[in-house]
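In: Starting from these lines, generate the structure:
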Amino acid sequence: MASRVTFIGAGNMASAIIGGMIDNGHPATAITATSPSDDFLAPLRERLGIHTDTDNAAAVSEADIVVLAVKPQIMRGVCEGLRDTLQRQRPLVISVAAGLTAESLQAWMGGGLPLVRCMPNTPSLVGAGAAGLFATPEVNAAQRDQATELLEAVGLVEWVEEESLLDAVTAVSGSAPAYFFLMFEAMEEAGAKLGLPAETARRLAIQTALGAARMAQGSELTPDRLKRNVMSPGGTTERAVEHLEQAGLRRILSEAMEACAARAREMAEELGKR
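Out: I've put the predicted structure just below:
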C-alpha cells in the first residue's frame with residue numbers, strides 16, 4: 001500500500017515533487033496538498049488528480065508522511081497549529097524550508113517526531129534537482145528510504161550526517177543555480193563583445209554547460225582530468241583556463257560559497273527566534 005503523503009503548502013516546489021512522485025508511479029489518490037485558498041488548489045487538483053484541503057490538521061490526520069513546504073517566515077505558526085495532530089499521528093515529517101533547524105521545528109511541533117530536513121534547489125522544478133537531506137535520530141531506516149524515494153522524484157539526493165553540513169549543501173547546490181546563471185549572463189555579454197548576437201552566445205553557453213554537466217555526470221574521470229582533456233598544450237582552452245586561474249576564480253568561488261554558508265547560519269538564528 002502506498003504511503004499517504006500530505007504537503008502543507010502547494011507552491012512550486014511542492015507541485016514539482018508531487019508531479020515527480022506521480023510520474024514515478026506513486027498514486028495521486030494517496031497524495032494531499034493544502035493551501036488557505038481552494039482557488040489556488042483547484043488547478044493542482046484538476047491537473048494532477050490529487051486530494052486537496054484548506055484544513056491543514058484534517059489533511060495531516062491520516063498521513064504517513066507530512067512535507068512542510070511553506071515559507072520559513074510562517075512555518076512556526078503552521079507547525080504550532082499542527083502540533084496536536086502530529087503528536088497523535090506521528091508521521092515522518094520532511095521540511096523543505098531553508099534556514100529552519102531541526103531544533104526549532106521540533107520545538108514548534110511538540111518534539112520527538114521523526115524529522116528530515118531537506119535543502120533542495122530550483123532545478124527540481126524541471127526534474128533535475130539536487131537535494132541534501134539530514135535525519136534526526138527518530139528517523140528509522142525505512143523512513144530514510146521513504147524520504148530518499150520522495151526527493152529522488154525530482155533529482156539527486158545526498159544524505160549528510162551532521163545538520164550543520166546543510167549550510168555547505170546550501171552553498172554547493174541550494175544557491176548554486178544562480179552562480180551558473182551569472183556565468184551564462186557573463187558569457188553572453190562576452191560573446192556579444194566578440195561579435196556574436198547575444199541570443200546566439202546565450203544558447204551556445206547554456207548548451208555547452210548542459211553538455212559539460214552530462215559528461216561529468218557520466219564519467220568516472222575527475223573534473224580536473226576532464227578539464228585537462230580539453231586543454232591542448234599551447235592551445236586556446238589552455239590560454240583561457242590559465243587566465244581564469246590567474247584571475248582568482250577558485251578564490252572568488254570559495255569566498256562566495258563561504259559567504260553563502262555564513263548567511264544560512266545567520267538565517268537559522270534569525271528565523272528560530274520568531
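In: Distance-wise, check the most centrally placed residue in the chain relative to Ala240.
Out: Residue closest to the mean C-alpha point of the chain, counted by Cα atoms, centre = their mean, is Pro120 at 0.9 Å. Applying Cβ to Cβ, to the nearest Å, the value for Pro120 to Ala240 is 33 Å. C-beta here means a position set from N, CA and C on the backbone, and glycine is covered the same way.
In: What ranges in the stretch 51-200 of the chain fall below the confidence cut-off?
Out: Within the stretch 51-200 of the chain, no stretch has pLDDT under 70.
In: if you set the cut-off to 90 instead, what comes out?
Out: 98-99 (pLDDT under 90).
In: got the residue ranges for the helices in it?
Out: Along the stretch 51-200 of the chain, counting by DSSP state H, counting those that start in this stretch, helices occupy 56-60, 75-89, 102-109, 141-152, 165-169, 177-193, 198-218.
In: any chance of those in CSV, with mean neighbour count too?
Out: Output for those, formatted as CSV (neighbours: other Cβ atoms under 10 Å):
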stretch, mean neighbour count
helix 56-60, 19
helix 75-89, 17
helix 102-109, 19
helix 141-152, 17
helix 165-169, 22
helix 177-193, 14
helix 198-218, 13
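In: which residue sits closest to Thr85, ignoring its sequence neighbours?
Out: Spatial nearest neighbour of Thr85, excluding adjacent residues (Cβ to Cβ, 6 or more residues apart in numbering): Ala57 at 4.6 Å.
In: which residues touch Leu221?
Out: The neighbours of Leu221, taking Cβ atoms under 8 Å, 6 or more residues apart in numbering as the test, are Asn229.
In: Likewise for Gly20?
Out: By Cβ under 8 Å, 6+ apart, the contact list for Gly20 reads 124, 127, 153-154.
In: and what of Glu163?
Out: 101-102, 117, 134.
In: before we move on, what about Ala14?
Out: By Cβ under 8 Å, 6+ apart, Ala14 lies in contact with 7, 33, 67, 69, 96.
In: residues contacting the residue of the chain positioned farthest from its centre?
Out: Largest separation from the mean C-alpha position in the chain: Gly234, at 40.7 Å (Cα atoms, centre = their mean). Contact partners of Gly234, counting by Cβ under 8 Å, 6+ apart, are absent.
In: repeat for Thr85
Out: With Cβ under 8 Å, 6+ apart, Thr85 has these contacts: 57, 60-61.
In: Tabulate those residues in a markdown table, adding columns for distance to Leu226.
Out: Output for the contacts of Thr85, formatted as a markdown table (distance: Cβ to Cβ, whole Å):
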| residue | distance to Leu226 |
| --- | --- |
| Ala57 | 51 |
| Val60 | 47 |
| Ser61 | 51 |
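In: What's the first helix or strand after the strand or helix carrying Leu226?
Out: Assessed by DSSP states H and E, Leu226 sits inside helix 223-230. Later in the chain than helix 223-230, the nearest helix or strand by DSSP H and E is helix 236-246.
In: and stretch 124-144, C-alpha only, in PDB?
Out: In PDB, the C-alpha atoms belonging to stretch 124-144 read as follows (Å, rounded to 0.1, in the frame of the first residue of the first chain):
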ATOM      1  CA  SER A 124      13.900  20.400  -9.000                       C
ATOM      2  CA  LEU A 125      11.100  22.200 -10.900                       C
ATOM      3  CA  VAL A 126      12.400  20.600 -14.100                       C
ATOM      4  CA  GLY A 127      13.200  17.200 -12.600                       C
ATOM      5  CA  ALA A 128      17.000  17.900 -12.400                       C
ATOM      6  CA  GLY A 129      17.300  19.000  -8.800                       C
ATOM      7  CA  ALA A 130      20.000  18.300  -6.200                       C
ATOM      8  CA  ALA A 131      19.000  17.900  -2.500                       C
ATOM      9  CA  GLY A 132      20.900  17.500   0.700                       C
ATOM     10  CA  LEU A 133      19.000  15.600   3.500                       C
ATOM     11  CA  PHE A 134      19.600  15.300   7.200                       C
ATOM     12  CA  ALA A 135      17.600  13.000   9.600                       C
ATOM     13  CA  THR A 136      17.100  13.300  13.300                       C
ATOM     14  CA  PRO A 137      17.700  10.200  15.500                       C
ATOM     15  CA  GLU A 138      13.900   9.400  15.500                       C
ATOM     16  CA  VAL A 139      14.000   8.600  11.800                       C
ATOM     17  CA  ASN A 140      14.300   4.900  11.100                       C
ATOM     18  CA  ALA A 141      15.900   3.100   8.100                       C
ATOM     19  CA  ALA A 142      12.600   2.600   6.300                       C
ATOM     20  CA  GLN A 143      11.700   6.300   6.800                       C
ATOM     21  CA  ARG A 144      15.100   7.300   5.300                       C
END
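In: Fine, thanks again, bye for now.
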